[in-house]
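Colleague: This is a predicted model, with the sequence first.
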2 protein chains.
Amino acid sequence: MVNFSVDKSKSTPLYIQIFNQFKKYIENGSIPPGYKLPTIRSLAKELGVNNVTVINAYRLLEANGYIDKKVGSGTYVSETVRQSDVSIEDIKALEHGQILVNKNMINFSSSSPNPELFPVDDFKVIINKVLERDGGYAFEYQDTKGYMPLRKVIAEFIKKDEVNIDFEDVQIISGGQQGIDVVSKALVNFGDCVLVESPTYSWAIASFKSRGAEIVDIELEKDGINIDALEEKLKIFKPKLIYTMPVFQNPTGISYSVEKMKRLIEIAYKYDTYIVEDDFSNELNFSNNKHLPLKAYDKYDRVIYIKSFSKIYMPGLRLGFILSPKNLINSFAEAKYVTDLSTSGLMQRAFEIYLREGMWEKHVERFKKIMRNRFDEMKRLLADNSYFEINIPDGGFYFWLKLKKNISAKLIYLKCIERNVSIVPGSIFFSNKIDDSHIRLSYASCEADKIRKGILTIEEVIKDIDEAGNSEYIPIV
Amino acid sequence: MVNFSVDKSKSTPLYIQIFNQFKKYIENGSIPPGYKLPTIRSLAKELGVNNVTVINAYRLLEANGYIDKKVGSGTYVSETVRQSDVSIEDIKALEHGQILVNKNMINFSSSSPNPELFPVDDFKVIINKVLERDGGYAFEYQDTKGYMPLRKVIAEFIKKDEVNIDFEDVQIISGGQQGIDVVSKALVNFGDCVLVESPTYSWAIASFKSRGAEIVDIELEKDGINIDALEEKLKIFKPKLIYTMPVFQNPTGISYSVEKMKRLIEIAYKYDTYIVEDDFSNELNFSNNKHLPLKAYDKYDRVIYIKSFSKIYMPGLRLGFILSPKNLINSFAEAKYVTDLSTSGLMQRAFEIYLREGMWEKHVERFKKIMRNRFDEMKRLLADNSYFEINIPDGGFYFWLKLKKNISAKLIYLKCIERNVSIVPGSIFFSNKIDDSHIRLSYASCEADKIRKGILTIEEVIKDIDEAGNSEYIPIV
């Protein structure tokens, strides 16, 4: 049916060569779902490679959802593997947030508030203050680790979250995505393994994959990652990193219990790996449950804490920071240098004043008030909704909906675009992209009336699809 | 004497495993210079691998300067391999430009002009204009490819250099180093080969190495890269990229002749590879020889042109652009997205006005006048100098000096620091780091009197070392 071969003169490892061939054949349908794979021994013999090479290839196929092992029976191509209905380009475009979302749309896909809410006037005053005070020095190359006074203010600032850190372990970055990229560069090399929550933020996966990493995902439960499953994978894969969003996770809105946070740290220590904590919204707590960051419990110096100011403050600031374990800070600085030498000195100097003078707290207070109205409205409309199952989060930007009926989330996404409502289908948050039963909504850029109108539209779309039957719709991609 | 082994279960390719072991043994002296390596066949047999695996490992060792082939006689550990006298940390610190250079030093290592020369007042007016005009929209996420009006203005702007490009092929980046990083991410994967000029900019090499690339260097002649040597290497290594600085190269100051530019483009086309052109100073031409960028001759769409505004304008702006071959622009956009989503919208909007309103040309004119005085002064002092051989460049920031006497450049560097003069030893510009006979000077941040004083100090240092004899000095590292 299909032929496999390996080329030992190539620099690509043999197990990756085998993996890539299976992947291609499974994706293009040459090997169908349910097909039984050759035994390890027979394939190894056929290709003239070690058994362990085939084992590694199969392991990787399994980790990526292409095959399933059935105990005592063999290994089979997964029944759930199938071609995506929507082109990856469309979904990427959606994530970029600029192409399929025009200004007239009801935008539930973006977690950025409308720009009218940004504290521009305050910031303007401060920028001018900096330019008057520092002149050209505001435009010099900044130290790679960051503008020293800002690093000091951050070490103070983070005490509110019960995190104690030396300012020397603070690395300034140009936003959260760059934090992920810098950590990847410093720690992840070709063939390394990275564990991620499932579902998770797709551009973190993209960053790890860009380094040649294997991605292995771990189921996310209502109170955080499945620790037993995690421990199993830690034993097998010996990952360089575990990538997490412990508070108001993207896309699920889930926050870890304190107990799970503590267990996660113990287990990272036990298996000698690091945890990346990606925090972009922990200020946005609308409940009475306190959610400290994982870093607050980090007694073994195992947590790499990445903070973005983009979502709570202004995306265009391009500013954030890493709180680094002591032994990694110089690796991060070197990776940052390779990436872009340093972050804009002007923005760092301005934000230093902003934090130091307490303007941040005032902004967060104002911001939370506005967001709370929107959050409450969306929560009201989605709780006890007949179309979705949902766990109401304690805060953050995201509502993660499971469709009660067996209707394609990607189809809902496409039909919603036609009716000027932008949502995110859940598949992009899974490393194998095969989920089609979830959608993610964010309320951040919509006022209450738009939220009502948008949810109503989604419900109508689902009703229409349900009545017509899935088959009548041919996705136009 | 030493043992070699390979582990086929590892994901690291076998030839890299062999390379790494040789590298380690050569560097720590276990295998001495002049040592004859085993034949390919015998080592392959001993390790149980294919001949081609050993050939690849030896090829890589040769490309990195660890071994030399002698025709008809065998392969030997290079006589010129030796331990660096100065710790790489010190040199890195120097390149970072912040640690070993304090404000009281005469700074010949930095190519940034003193911040008093930055056009801050102009820029302040413009930033305020943008904030008034655009409000919060200046702080939204910007499109990953960049702020559209800026991309359009750049496509116009670059016509002055006889480059015609569609604005859709312009990718905005946060400075030149990010340009290199983004191009690396898009095109260079583990095990790929990248050709570079020798000597070259060390943080470009760091970026390619961070992607797991093999670096192969090609000798730079007075009128550009050695095209015959290049063609040889193209045949053998099939590189993804050739990284070049065709005008006022760093560190040599060399500019390519038009003929070499044209041949370089022909050859890239013939061997189906791309040329990265890194341009940070082509405005700074003090001669009557016109130097168009390589991109102006790019009839096959083979040149990836990276422009930084950091050196001519202000480093803290963190702004630059890539002019991309048509078929690569989307790959660059995706790599940019993984890197940091987008570049600061505020800076992009401000710079759009700056370019559009012709303030750039005025700045360049003013800037050149000041730099020319400094350039001329350094040129006057270095031409016909008894300590150095030098090719006076047509412009740019760098003078590249070859020491006439056999004195360690690294030692001069260390002794100069003691006397408050900061220079860059040439070794860091070579991929194997073993050169010790060159130094790089930049005049950009020193006024004429400081230039005189600094050169005098360097001459004194050389004289002292020469009289004392190298042996009396023990580098303090």
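Modeller: Structure received. Numbers count the residues shown, from 1 in each chain, chains lettered A, B, ... in the order given.

Colleague: for chain A, what helix or strand is lowest in average pLDDT?
Modeller: Ranking every helix and strand in chain A by mean pLDDT, DSSP states H and E puts helix A:88-96 at the bottom, with a mean of 48.

Colleague: Quick check: next helix or strand after that helix?
Modeller: Going down the chain from helix A:88-96, the next helix or strand is strand A:106-107, by DSSP states H and E.

Colleague: So that following strand, near chain B or not?
Modeller: No. Residues of strand A:106-107 are not located near chain B by Cβ under 8 Å from any Cβ of the partner chain, the shortest gap being 12.2 Å. For the C-beta atoms, the positions are set from N, CA and C on the backbone; glycine is no exception.

Colleague: And the contacts of whichever helix or strand comes after that strand?
Modeller: Using DSSP H and E, the helix or strand that follows strand A:106-107 in sequence is helix A:120-134. Residues outside helix A:120-134 that contact it (Cβ atoms under 8 Å, 6 or more residues apart in numbering or on different chains) are A:138, A:314, A:346, A:349-350, A:353-354, A:359, A:363, B:120, B:123-124, B:127-128, B:131, B:135-136, B:138-139.

Colleague: does A:Leu264 really touch A:Leu294, like I thought?
Modeller: Yes. Counting by Cβ atoms under 8 Å, A:Leu264 touches A:Leu294, with 6.9 Å between them.

Colleague: list residues touching both of these two?
Modeller: In contact with both A:Leu264 and A:Leu294: A:244, A:246, A:256, A:275, using Cβ under 8 Å, 6+ apart.

Colleague: on that earlier part again, which of the contacts of helix A:120-134 count as buried?
Modeller: A:138, A:314, A:346, A:349-350, A:353-354, A:359, A:363, B:120, B:123-124, B:127, B:131, B:136, B:138-139 (16 or more other Cβ atoms under 10 Å in any protein chain shown).

Colleague: Which of those fall in helices?
Modeller: Within the buried ones among the contacts of helix A:120-134, residues falling in helices by DSSP state H are A:346, A:349-350, A:353-354, A:359, A:363, B:120, B:123-124, B:127, B:131.

Colleague: Find the pair from these with maximum spatial separation.
Modeller: Spatially, the most separated pair among those is A:His363 and B:Val120, at 26.9 Å (Cβ to Cβ).

Colleague: pLDDT weak spots in chain A?
Modeller: Within chain A, the stretches with pLDDT under 70 are A:1, A:11, A:28-29, A:64, A:80-103, A:469-477.

Colleague: Now do the domain split for it, please.
Modeller: A:14-77, A:88-111+A:362-472, A:120-357 (automatic domain parsing).

Colleague: hey, which strand is longest across chain A?
Modeller: Longest strand of chain A, by residue count under DSSP state E: strand A:214-221.

Colleague: Do it and chain B come into contact?
Modeller: No. Strand A:214-221 is not in contact with chain B by Cβ under 8 Å from any Cβ; minimum separation 8.8 Å.

Colleague: Name the next helix or strand downstream of that strand, please.
Modeller: strand A:224-225.

Colleague: Off-centre distance for that next one?
Modeller: 14 Å (Cα atoms, centre = their mean, to the nearest Å).

Colleague: Over to stretch A:311-322?
Modeller: 16 Å.

Colleague: got the contact list for A:Gly345?
Modeller: So A:Gly345 contacts A:137-142, A:147, B:316 (Cβ under 8 Å, 6+ apart).

Colleague: which bits of the stretch 101-250 of chain A sit near chain B?
Modeller: Selection of the stretch 101-250 of chain A residues close to chain B by Cβ under 8 Å from any Cβ yields A:112, A:114-118, A:120, A:123-124, A:127-128, A:131, A:135-144, A:174-175, A:177-178, A:181, A:185, A:189-191, A:203, A:206-207, A:210, A:212.
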